[in-house]
Each structure stands twice: as C-alpha cells, then as structure tokens.
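Peer 1: Okay, here's the prediction I keep looking at, along with the sequence it came from:
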Amino acid sequence: MNNISGEPDHELEDRLSRRLLDIFIRAGLVLALVLLCYQIFSPFMTMMLWALILAVTIYPLHQMLAARIGGKQGLASTLIVLLAIGVIFTPTVMLASQFGDSVHSLVNGVRDNTLAVPAPSEKVADWPVVGKRAYAIWSQAHDDLPALVKTMQPKLGELATKALGIVASLGGGLLMFAFAFVVAGIMMAWGEPGAQAMLEIFERIFGMARGKEFDKLSTATVRAVAAGVIGIACIQALIIGVSLMIAGVPFAGVLAVVVLVLGVAQLPALLVTLPVIGWIWASGEYATVPAAAYSVLLFVGGMADNVLKPIMLGRGVDAPMPVILIGALGGMATSGILGMFIGATALALGYQIFMRWVDENPERARQQATGDSASTIA
C-alpha cells in the first residue's frame with residue numbers, strides 16, 4: 001500500500017499482517033479446541049444421541065406424570081426410568097440370556113457330538129425349490145451328524161463365531177441403551193432449561209424468525225419416527241402374536257417378542273412368519289383349509305408394517321410423509337437404527353429450508369406487487 005507521497009506504507013502493512021496472523025492463530029486454536037472436544041466426546045456420542053431421542057420422545061409422558069405428582073420433575077424421571085428397567089430391560093435381558101445359553105449349548109452339542117436331530121417328515125421333500133435339498137441335509141444330520149459337521153466344518157465354525165459375536169454385541173447394546181435411558185431421565189428432569197437451550201441454538205443458527213419453527217419441526221419429527229418405529233413394531237407383534245395363538249403354534253409369545261425386536265430393528269417380520277408357515281405345512285397337524293387360512297393370516301400380519309408406515313410415520317410433522325419416510329430409510333441404510341431419526345430430522349429440516357427459499361422468490365414478489373398495484377389503479 002502507498003501513502004499520499006506514493007511511498008509504501010510499511011506501518012499499515014505491518015498492522016494488517018499482525019492482525020491477519022492473530023486471526024489465523026485464534027482460528028487454529030478454536031479448531032484445535034473443537035477437535036479436542038470431539039475426541040473426548042466421541043466415545044459417548046451414540047449414547048448421548050439415543051438419550052436425547054428418548055428424552056424428546058418420552059417427555060410428554062414425563063410431563064403428564066409430573067403433573068399428577070405435584071410437578072416433581074426429578075421424581076417423575078426416576079419413576080419412568082425404573083418402570084422402563086422393570087418392564088423393558090429385565091425381560092429383554094432374560095431373553096438375551098436364554099438366547100446366549102441356547103447358542104452356547106448348540107455349539108457345545110455340535111462340538112461334542114451330543115446333539116440329536118429328529119428325523120424329517122416326508123412332506124419336507126415336497127417343498128418347492130428347496131425341498132429335496134433340505135430333506136437330504138436333514139436326513140444326513142439325523143443319520144450321521146458328525147459326518148455332516150465334518151463336511152460343513154468351515155462354514156459352521158464361521159457361523160458359530162458370528163453367532164457368539166451377535167450375542168456379545170447384543171449384551172453391549174443393551175448396556176448402552178440402559179445408560180442412555182438413565183441419561184434421558186436426567187435430561188427430562190431438566191427439560192425446561194434444556195428445551196430453552198435448544199430453542200436458543202436453533203434461533204442462533206436459523207435466525208429468530210425461523211428458529212422456533214425449526215425447533216418444533218425437529219421435535220415433531222423425532223417423535224413421529226419413534227411412533228412410526230416402536231408403535232408399528234408393537235402393533236405388528238400384537239397382530240402376529242394373536243395369529244400365532246389362533247393357529248395353535250407353539251411358543252407364540254416368544255415368537256411375538258422376536259417380531260417386536262425385529263420391528264424395532266427395522267427387519268421384516270416375514271423372517272418369523274415365513275418359517276412358521278413352512279412349519280404349519282410340514283408338521284402334518286393341519287388340514288389343507290386351516291393351513292391355508294393361517295398362512296394367509298400370518299403372511300398379511302408379516303406385511304402389515306408396509307401399510308402402517310405410510311399412515312403413522314409422518315403424523316404431526318409439517319413435512320410430507322414421503323420426505324420423512326425417505327429420510328428414515330436412508331438414514332437407517334447409512335447409520336443403522338440411530339440414523340433413522342437423524343436422517344428423517346435432517347431431511348425434514350432441509351426440505352423446509354429449501355421450500356422457504358423457493359417461496360421467497362424476489363421476482364415473484366415483484367410480480368405480485370406489480371399486479372396488486374395495477375389492480376388497485378384499475
């Protein structure tokens with residue numbers, strides 16, 4: 001830079017360079033602090049996100065309970081957490097323990113050659129496509145299980161390792177979810193300050209005019225996805241459980257719980273109903289007409305989620321249902337169950353921001369103003 005006499009202004013250049021260096025140093029320190037905070041917080045990220053989702057979803061129930069006990073927020077949170085541990089976690093831990101014991105017993109039975117396989121029914125060979133192959137393998141397992149195990153040893157070893165890994169991950173997931181529920185109870189106890197803080201964050205990001213609207217949209221989306229996942233899973237488990245009881249299928253209650261777990265995990269209930277339908281036809285205990293009726297009933301129950309999702313998933317959200325559904329499915333495909341909530345919320349916010357940008361077209365506003373002026377003059 002030059003001064004009035006045309007000579008370079010070294011003093012101004014020094015001040016600007018020092019100022020620029022100061023800005024770079026501060027930005028670097030802020031970035032380093034952000035990375036350090038993320039590194040410290042990242043091991044708890046999944047648990048905290050689940051806690052936030054649980055708190056947002058259960059908060060209306062928490063407020064109803066708090067109103068009945070004199071507005072005691074902490075006591076209401078404690079009661080909800082204890083009720084969840086008693087009603088949800090205790091039966092789930094028992095089922096998971098039984099599942100782990102069954103897998104362990106099966107692996108030991110195959111390894112020690114103490115596992116007895118019953119003889120297959122002749123009707124198994126009549127199954128379409130896979131009947132003859134399934135009958136041959138089943139018969140060999142009944143006649144000479146060690147020989148079959150020896151021929152399939154690499155696959156069975158890999159399968160056993162995966163099964164034990166699933167059991168271990170299931171236990172870790174249950175423990176993480178229990179901690180998330182406890183943290184959600186703490187969040188609900190401080191619900192009003194937390195809600196105000198979230199509103200202020202949205203207002204700081206999106207502005208005072210839209211912050212409140214986007215805060216409500218995010219809350220409604222999380223609750224709608226929770227209802228569309230947990231609610232649909234419960235309804236489908238009830239439908240299939242009643243159908244299994246009507247059909248007289250053994251262990252109907254256990255199978256209904258399995259359907260409930262699959263529904264929450266966003267896996268098709270047909271994984272349970274199709275094998276049950278196969279068992280109905282292979283057992284020989286049902287006549288043709290009842291077997292066909294029960295098969296149709298179970299198949300329809302297994303497909304019920306495809307009808308219920310479009311009805312329940314986007315209810316109460318200021319965004320079209322396909323946007324919520326696509327966001328939930330896309331988020332689940334990339335990040336699992338947690339991604340359903342994140343994907344649906346992010347896509348709903350993005351949709352609203354985009355549509356607001358479309359609606360605020362300045363040329364359209366000028367045309368409308370010109371049209372209104374012309375109509376006034378006329």
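Peer 2: Yep, that arrived. Numbers count the residues shown, from 1 in each chain.
Peer 1: List the buried residues in stretch 251-266.
Peer 2: For stretch 251-266, the buried set under the neighbour-count rule, 16 or more other CB atoms under 10 Å, comprises Ala252, Leu255, Ala256, Val257, Val258, Val259, Leu260, Val261, Leu262, Gly263, Gln266. Placement of C-beta: from N, CA and C, glycine included.
Peer 1: Which helix or strand contains the third one?
Peer 2: Under DSSP states H and E, the secondary-structure element containing Ala256 is helix 252-264.
Peer 1: Which elements pack onto that helix?
Peer 2: Helix 252-264 is packed against helix 90-112, helix 232-247, helix 270-283, with contacts defined by 3 or more CB pairs under 8 Å, 6 or more residues apart in numbering; DSSP states H and E.
Peer 1: Between helix 270-283 and that helix, find me the angle.
Peer 2: 150 degrees (axes from the mean of the first three to the mean of the last three CA atoms, to 10 degrees).
Peer 1: So, low pLDDT: which residues of this structure?
Peer 2: For the chain, the stretches with pLDDT under 70 are 1-10, 88-131, 140-174, 265-266, 310-318, 365, 369, 371-378.
Peer 1: Can you check which helix is longest in it?
Peer 2: helix 321-359 (DSSP state H).
Peer 1: quick one, what contacts Tyr351?
Peer 2: Ala319, Pro320, Val323 (CB atoms under 8 Å, 6 or more residues apart in numbering).
Peer 1: With Leu274 instead?
Peer 2: For Leu274, the contacting residues are Phe299, Gly302, by CB under 8 Å, 6+ apart.
Peer 1: please redo it, this time with the cut-off set to 10 Å
Peer 2: For Leu274, the contacting residues are Pro268, Ser295, Leu298, Phe299, Gly302, taking CB atoms under 10 Å, 6 or more residues apart in numbering as the criterion.
Peer 1: For the closest residue to the third one other than its chain neighbours, the count of nearby residues, please.
Peer 2: When the adjacent residues along the chain are set aside, Leu298 lies closest to Thr273, with 4.4 Å between them (CB to CB, 6 or more residues apart in numbering). Using other CB atoms under 10 Å, Thr273 has 24 other residues around it.
Peer 1: about what we covered before: with distance to Glu11 and neighbour count as new columns, can the contacts of Tyr351 be given to me in TSV?
Peer 2: Shown next, in TSV, are those (distance: CB to CB, whole Å; neighbours: other CB atoms under 10 Å):
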residue	distance to Glu11	neighbour count
Ala319	57	22
Pro320	61	12
Val323	58	18
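Peer 1: Dump the residues you listed to CSV, plus distance to Met355.
Peer 2: As requested, the contacts of Tyr351 are arranged in CSV below (distance: CB to CB, whole Å):
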residue, distance to Met355
Ala319, 9
Pro320, 10
Val323, 10
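Peer 1: Only alpha carbons, please: show the helix holding Ala256 as CSV.
Peer 2: Output for helix 252-264, consisting of C-alpha atoms alone and laid out as CSV, is shown next (Å, rounded to 0.1, in the frame of the first residue of the first chain):
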residue,chain,number,x,y,z
ALA,A,252,-46.4,-68.0,20.3
GLY,A,253,-45.4,-65.5,23.0
VAL,A,254,-41.7,-65.9,22.4
LEU,A,255,-42.1,-65.5,18.6
ALA,A,256,-44.2,-62.4,19.1
VAL,A,257,-41.3,-60.9,21.2
VAL,A,258,-38.9,-61.8,18.4
VAL,A,259,-41.2,-60.0,15.9
LEU,A,260,-41.2,-57.0,18.2
VAL,A,261,-37.4,-56.9,18.3
LEU,A,262,-37.2,-57.3,14.6
GLY,A,263,-39.7,-54.5,14.1
VAL,A,264,-37.6,-52.1,16.3
